[in-house]
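In: Dropping the sequence and predicted coords here.
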Amino acid sequence: MSDCDRFLEALASDRLDPDNRAHARGCPVCGPLLPVDGSGTLPPGPSLEAVHARALEALRTTPARPWSRDAARLALLQGAVALAVASMLGVSNWNSPVAHHGALAVVGAFLLALVTVGSVAALAPGHRRPRLLLWLAPVVPLLLVASGSGVHTATTLRSAMPCLVTVLLTAVVPLAVGLALLRGMALDAPRAMALGLSAAATGLFVLHWHCADGSGPHLLCFHALPWLAVGLLAVPLRRALPTTSHVP
Amino acid sequence: MERFVQGEERAFSELFNRHAGRLQAALRRMVGPAADDVLQTTFLSIVRARGRYQRGAPFRPWLYTVAVNAARDHLRRNRREEPHATDTLPETAAEPAPLPDPGLSRTVETALAQLPGPQREAIVLHRFEGFSFREIAELLGVTETAVKVRAHRGYERLRVLLAAEKEAG
């Protein structure tokens, strides 16, 4: 291994020792690659004055808007949509695809958390929280199927389709509002998908109290699949929208 | 930073004066002549969405995250608008920031402009801006290993390009 190779290895692993540095200083090829101190400042040039003035103008006219307020509003909206659709489907028409009362409560609470906490996580600053939400993508279908009663009532496509339509339609308003909010932050596919999954969980929550079919294939094809589809669809939709701020 | 989030103009101007020049040089290496537009977008972004700043977080990595996002958005939109544009910059695009040896810096800038976007980002942030790989990973929202791979490939390619330049010169 030549000194140049050793220097490159050390540089790429962020472990430059004095020997590597000494080699780089005397080598015409490695020398230009030697990292410089990034802590210094460069004085603003004339072209920066216009940038500064425009940013100051924006600072005067734009009030600070805490992200948590937007997230809380979206969570409330999703809750309101869930209640409205549940009412429309009939409060006296309670049915559940879940086998036991305990499972009914646990899965219901989990879906409600996905609707509310999910939207907050999807809008939270940084990269981590939206990605954490994506771990639920395989968990939700498993949970739905595992807690299902196994009773197959929607024997025709026509009787099963309303579940799929409910998941898709209940997601429309929360997803539209969420995507409008996402325009104010950097384009991030996991974040868009997390938002889509949270928005579509509104429909899952509604169906949890109104669908009588607890068979695995029905729960997978007409509940979980459209839920995942909305999550995936959110990514190209967000990509198609312009970004007003690139803050993570 | 807290005072800037509250909307204090003097606090913003202090941050601007401290970071704008250096960031402009970094953006020239990433997007070439569009650096001023991307810089404008970056500062407008942080002003408009200052409510997303996490209290106590260091400002400089946050600013660079926003700048990298804005640079990527610019390159993506350019690709969409110009079907023949590539991720790499034209050799004449990058106006080099001041470095100790102008001849040497020109060579590095030219070689840098020929790297693919992700490798160029990793090298600009590491070689020119002095961020560690861990900081870059945090800043870009990827793993440290991914950053090291990008930087390693980028440095390897840079070394080949620089050696070729030396031989030609």
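Out: The structure has been received and is ready for your questions.
In: hey, where'd the strands end up in chain A?
Out: Assigned strands in chain A: none (criterion: DSSP state E).
In: ok, longest helix in it?
Out: helix A:157-182 (DSSP state H).
In: Mind listing what's buried along that helix?
Out: For helix A:157-182, a neighbour-count test (16 or more other Cβ atoms under 10 Å in any protein chain shown) marks A:160, A:162-164, A:166-168, A:170-171, A:173-175, A:177-179, A:181-182 as buried. Just so you know, the C-beta spots here come from the backbone N, C-alpha and C atoms, and that holds for glycine as well.
In: other SSEs contacting that helix?
Out: If contacts are counted by 3 or more Cβ pairs under 8 Å, 6 or more residues apart in numbering or on different chains; DSSP states H and E, helix A:157-182 sits against helix A:67-88, helix A:101-123, helix A:189-210, helix A:225-240.
In: same question for the third one, mean pLDDT?
Out: Over the span of helix A:189-210, the pLDDT mean works out to 91.
In: Report the angle between the longest helix of chain A and helix A:225-240.
Out: Comparing the axes of helix A:157-182 and helix A:225-240 via axes from the mean of the first three to the mean of the last three Cα atoms, to 10 degrees yields an angle of 30 degrees.
In: The closest residue to B:R29 other than its chain neighbours: what's it in contact with?
Out: Excluding the flanking residues, the one nearest B:R29 by Cβ to Cβ, 6 or more residues apart in numbering or on different chains is B:V124, at 4.8 Å. Listed by Cβ atoms under 8 Å, 6 or more residues apart in numbering or on different chains, the contact partners of B:V124 are B:A26, B:R29, B:M30, B:L112.
In: and chain A, what are its domains?
Out: Taking automatic domain parsing as the reference, chain A has its domains at A:1-38, A:66-240.
In: and the end-to-end length of the longest one?
Out: This means domain A:66-240. 25 Å (Cα to Cα, to the nearest Å).
In: can you give me how far that domain is from the chain middle?
Out: Centroid separation for domain A:66-240 versus its chain: 12 Å, with Cα atoms, centre = their mean, to the nearest Å.
In: and what of stretch B:11-23?
Out: With Cα atoms, centre = their mean, you get 16 Å for stretch B:11-23.
In: Okay, now the unreliable bits of the chain?
Out: The chain I'm using is chain A. In the predicted model, chain A carries pLDDT under 70 at residues A:36-46, A:91-94, A:99.
In: The chain in question should be chain B.
Out: Applying pLDDT under 70 to chain B flags residues B:80-105, B:169.
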